[in-house]
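Engineer: Kindly generate the corresponding structure for this input.
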Amino acid sequence: MKKDVLDKQCGHWNERFSTYLEMFGSTESETARIARDIFVRQGVDRLLELGGGQGRDTIYFACNGFSVDVLEYAESALNAIIQSAGKHALTDRIAARRYDLRDGLPFLDGSFDACYAHQVLCMALTEGELEFLVNEVRRVLKKGGIFLYTVRNTEDPHYGQGIHRGEDLYETGGFIVHFFSREKVEKLAHGFEIIKMERAEKSRLPRRLFRVTLRKT
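Structural biologist: Coordinates of the predicted model:
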């Protein structure tokens, strides 16, 4: 793997988010609705969102009463989140900052009741970076905290296609995706209890996902 190739993904995403103002739609994802119900049952108050994109799920969570800290590394997407928060009068519930998740998480131990990451762990992250990031999520969660994430899996039609960038990373259309097997999900769950790991589909391809719900032990 060449680090400079992976690093260029930030600029690629920034350009796409600048060009397509509602790249993934204007309404919340199905996964956000599922997460919201879980978070309500668990009594979640403070929520960490990794890779908020243009903020469609961020806004949904804040509208449903959660205090959301969201990290996003594409500047154009971050600006969209901030503008949407102002438009919906949610600036008191949303704290957004530009951040590279490979640098760890800029929060104290046990700061959050839950963490949400929709198709972020399957970005251009190496296995070592994923292990580091998931350990960081565990660190900033309270005991019993929930980590809900989705990733594209190895049953996806794009797995093994395009340019191989090392490990289970493949580039198609300029985007590098890290595809997950069940074994990878289980390996990354060290220090967590796996509450549920289920298959899901997204878009017309379709993209095949794992939706994973973990609890910090």
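Engineer: Going by C-alpha atoms from here, please, whenever you check contacts or count neighbours.
Structural biologist: OK.
Engineer: Which element, helix or strand, includes the closest residue to residue 200 other than its chain neighbours?
Structural biologist: Of all residues not flanking residue 200 in the chain, residue 209 sits nearest, at 5.0 Å (C-alpha to C-alpha, 6 or more residues apart in numbering). Residue 209 belongs to strand 207-216 when assigned by DSSP states H and E.
Engineer: What about the closest residue to residue 45 other than its chain neighbours, how many residues nearby?
Structural biologist: Excluding the flanking residues, the one nearest residue 45 by C-alpha to C-alpha, 6+ apart is residue 66, at 5.3 Å. Number of residues near residue 66 (other C-alpha atoms under 10 Å) recorded here: 22.
Engineer: correct me, but residue 66 touches residue 46?
Structural biologist: Yes - contact criterion C-alpha atoms under 8 Å: residue 66 and residue 46 qualify, at 6.0 Å.
Engineer: ok, now how distant is the most far-flung residue of the chain relative to its centre from residue 123?
Structural biologist: Farthest-out residue of the chain from its mean C-alpha position, per C-alpha atoms, centre = their mean: residue 89, at 24.0 Å. Distance check for residue 89 against residue 123: by C-alpha to C-alpha, to the nearest Å, it reads 31 Å.
Engineer: helix or strand right after the helix or strand hosting residue 117?
Structural biologist: Assigned by DSSP H and E, residue 117 belongs to strand 112-118. Heading C-terminal from strand 112-118, the first helix or strand you meet, by DSSP H and E, is helix 127-140.
Engineer: Name the residues of that following helix that come out as buried.
Structural biologist: 127, 129-140 (16 or more other C-alpha atoms under 10 Å).
Engineer: between the helix or strand following that helix and strand 207-216, how big is the angle?
Structural biologist: Toward the C-terminus, helix 127-140 is succeeded by strand 141-152 as the next helix or strand (DSSP H and E). In terms of direction (axes from the mean of the first three to the mean of the last three C-alpha atoms, to 10 degrees), strand 141-152 departs from strand 207-216 by 170 degrees.
Engineer: Give the other helices and strands that strand 141-152 contacts.
Structural biologist: If contacts are counted by 3 or more C-alpha pairs under 8 Å, 6 or more residues apart in numbering; DSSP states H and E, strand 141-152 sits against strand 112-118, strand 207-216.
Engineer: Direction included, what does that strand pair up with?
Structural biologist: strand 112-118 (parallel), strand 207-216 (antiparallel) (DSSP bridges).
Engineer: Looking at those strands, which one is packed in the most?
Structural biologist: Mean neighbours per residue, mean count of other C-alpha atoms under 10 Å, is largest over these for strand 112-118, with a mean of 24.
Engineer: Show the average pLDDT along that strand.
Structural biologist: In this model, strand 112-118 carries a mean pLDDT of 97.
Engineer: Stretch 80-99 too?
Structural biologist: In the prediction, stretch 80-99 has an average pLDDT of 94.
Engineer: hang on, the earlier thing: can you name the two of the buried residues of helix 127-140 that are farthest apart?
Structural biologist: 127 and 140 (20.2 Å; C-alpha to C-alpha).
Engineer: mind listing the strands in the protein by residue range?
Structural biologist: Assigned by DSSP state E, the chain shows strands spanning 46-50, 67-72, 94-98, 112-118, 141-152, 163-164, 169-172, 175-178, 192-202, 207-216.
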